[in-house]
Each structure stands twice: as C-alpha cells, then as structure tokens.
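Engineer: generate a structure from the sequence data that follows.
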Amino acid sequence: MRYLIFFYLLMNGAYCFAQGSSNGASSGRGFIRPENIIFEDNFSRDSLGHFPNKWKSRKCFVDTCKKTHAIVRQEGADKVLGANYYTYIKPMLREALTDSFTIEYDIMFKAQPWLKIAFCLNRKASSDEIKREFLFYNDDQRFIVDNITRTGRFVETFGHLFEDNVHDHVDVPPIVVSHNRWYHLGFSYSHRHISCYLDSTRICDIPDCGFQPFGLFIGLSDSAICKHVVIANGKLPDFDKLITEKKFITHAILFESNKAVIGEDSEPFLAQFAKWLQKNPGIRIEIDGHTDSVGSAASNLNLSSRRADAVKTQLVAMGVPAAILTTKGLGSTMPLKSNQAEQGRADNRRVEFVLLEK
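Structural biologist: The predicted model follows:
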C-alpha cells in the first residue's frame, strides 16, 4: 500500500509586508499572491494545546469519531498548527472565495507526510459537504497528485499511475522531501485553472479542474505541522490602474524583517511590473515606501526610504531605465487604516507606485 505523503497548501518565512514588525510568508518563485487577503493566521494568539481561534472544526476522518484533533503546538520559537489524528478544519474567512484565490503556508513533515485541501461546491457558506479533494503524496520517491470527486455514495479518484484511463494525473518532477525542515507551499485557483508550488517547483498544474469552489477545508494528520496560513482573493495585478487612477498600491513586495532587503518571493511581481513599464514607454513613476506606526517616526521614515530605493534598484536590474523612477519614504505618516489593530497595521505596510507627469 502506498504511503500517503502530503497534501497541499501554505506559510511563514523570514519576510514581512513592507515593515519588519510583521511575520509574513515567503512565497515560492512563480507563485504570486493576490492583493486581497481574506484570512491570515500565525497562531501567535492561540493557547498551546488548544484548537486555534480563527478556525472551525468540521469532523475527524473517521465518521464515528466526534473529537477535535487539530491543536496549536510549539516548534522552536514558533507556534504551529498540528493534529494528533486525521481531521478536517475550516478557516473562518472574512469574505467568500472568488473565482481567483490562493492558499499558502509553510509546512514541516515529521514522518510520512499527509495533507489535503478539500472544497465544498455549495454556495451556502455554512455547508460542510465536501465534494472535491486534492491529495498530494509520495510514491516511489516522486509526488503524485490525486484529484478526487466525492459523490456521497463512492469516491472517484483520478490520477493514479496504474489506472487505464488517467484523467487528471499531473506529471510531477522527482522531489525528495526531507523530514524536519520547512517547505513553502502555494496553491492557486484561477477560473478553474489550478497550480501548486512546493518552494519554487511547480508540482501541480491542471488547466481546467471543472468546478468552482465555495467552502474550503484543510485535512491534517499527525505527520505534518504548518505555520502562518494566508488565503487571498483576487486576480493578478492590473498595472493599467496606474494610467487611470494615477496610483497603484501593493502589499506583494516583501522585505526581510526591519531591513531594506527584498525577499526573492517578490521577484515574480516585480518582474511583471518591470515588463509593464517596458511596454509603456514615456511614463515616469514615483516609488513610495510606507510603514505602520510601530517604532519611532524617524526610524520608520528612514526604513521606508531605503525600501523604496531597494525597489528602484531591483526594477533597474530588471531592465527598467533608472531615469523614469524616483523614490520617496513616507514612514507612517499616511496610514490607510488605524494602527491600533494587527490587520490595520498590515494594510499600512505597503509600497505605492505613483504616476508622474510625462
């Protein structure tokens, strides 16, 4: 019997949203998070040994079991989410899933890893009926992806190598997964196109999965732990807003904590913006750095200025003429929301591109 070794999702890394006071996630290259974050949890406010506050317990994998098995644990300096048995849990989203969304977090495998992502196809947000699941696991030193349909009476599984009619099998490059090290997972759904990344390697690509998810669940076992889960709605960046609205606000550029060092996970976004600038000659852009109010005003102003300069340096390295770019650091002087709450501070940590006169 094949060992189930892992299912997909995602996050926490050494990078943060435009200011060092937040623990942000580190996306794999090629995976771009949309702007509208509808769920984020690093479990920092949860009690060890208890069920996390931002989640709902659905059920155990064993139908006769009524217990809740997902618990918050300590792993080094981090609080993480784990389980002491197989179970489904459901994140409490601030908004419903749209036709484009991403899920990401960091994951560590303690033994033969096993995880799932499952979807409800019912528009009712309270529905717990799982109809589709994606199961990623290891078989003979390579990843296999199963696209599973639940009909209520039986389960159809597409993707096994030994099937005569393979419908949704994805040929995944050989990857050796080590125990006790962190991996970054990113799952993307966009108009029925599904992709999944393990670090920078794409391990799943289904052009048309044939359904629109509404409810989202994660399947956990005692073989894996995860940290800093982020779920975001939206489409890829629409840089044309710079022409019509004169400004483009982004939280997709991530920096090392309290530094002006751009994380490599920001490269896909910056590469897209560089290409857009090259296709729109004759415009000039001001790059504005913004922080939250944590720390002194002087230090925030200095940090935001250095980060704006770092973004310019990166764009120039990608082929953008330096003459069309200027920079400005604004620190915490122009907040989008109140800095009293964690979510407000996260929204205030940002980079803005401002269109200047030609």
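
Engineer: before we move on, which element is Lys79 in?
Structural biologist: strand 78-83 (DSSP states H and E).

Engineer: and the contacts of that strand?
Structural biologist: Contact with strand 78-83 is made by 12, 42-44, 46, 48, 52, 69-74, 108, 220-222, 224-227, 229, as judged by Cβ atoms under 8 Å, 6 or more residues apart in numbering. In this view, the C-beta of every residue, glycine as well, is placed from N, C-alpha and C.

Engineer: and it, how far from the chain's centre?
Structural biologist: Chain-centre distance of strand 78-83: 17 Å, with Cα atoms, centre = their mean, to the nearest Å.

Engineer: what strands line up against the next helix or strand after it, and which way round?
Structural biologist: Next helix or strand after strand 78-83 toward the C-terminus (DSSP H and E): strand 87-91. If you go by DSSP bridges, strand 87-91 pairs up with strand 55-60 (antiparallel), strand 215-220 (antiparallel).

Engineer: deepest of these, which one?
Structural biologist: Comparing the strands paired with strand 87-91 on average neighbours per residue, with mean count of other Cβ atoms under 10 Å, the densest one is strand 215-220 at a mean of 23.

Engineer: and the next helix or strand past it?
Structural biologist: On the C-terminal side of strand 215-220, the closest following helix or strand by DSSP H and E is strand 224-233.

Engineer: need the CA coordinates for that following strand. CSV is fine.
Structural biologist: Output in CSV follows, covering the C-alpha atoms of strand 224-233 (Å, rounded to 0.1, in the frame of the first residue of the first chain):
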residue,chain,number,x,y,z
ALA,A,224,2.8,17.3,9.4
ILE,A,225,2.7,20.8,11.0
CYS,A,226,2.1,24.1,9.4
LYS,A,227,2.5,27.8,10.2
HIS,A,228,1.3,31.2,9.0
VAL,A,229,-1.6,30.4,6.7
VAL,A,230,-2.6,33.1,4.2
ILE,A,231,-5.6,32.9,1.9
ALA,A,232,-6.2,35.7,-0.6
ASN,A,233,-8.8,36.6,-3.2
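
Engineer: what helices and strands are in contact with it?
Structural biologist: If you count contacts as 3 or more Cβ pairs under 8 Å, 6 or more residues apart in numbering; DSSP states H and E, strand 224-233 packs onto strand 36-41, strand 70-75, strand 78-83, strand 100-109.

Engineer: okay, angle between the longest one and strand 70-75 too, please.
Structural biologist: What it means is strand 100-109. Counting by axes from the mean of the first three to the mean of the last three Cα atoms, to 10 degrees, strand 100-109 points 60 degrees away from the direction of strand 70-75.
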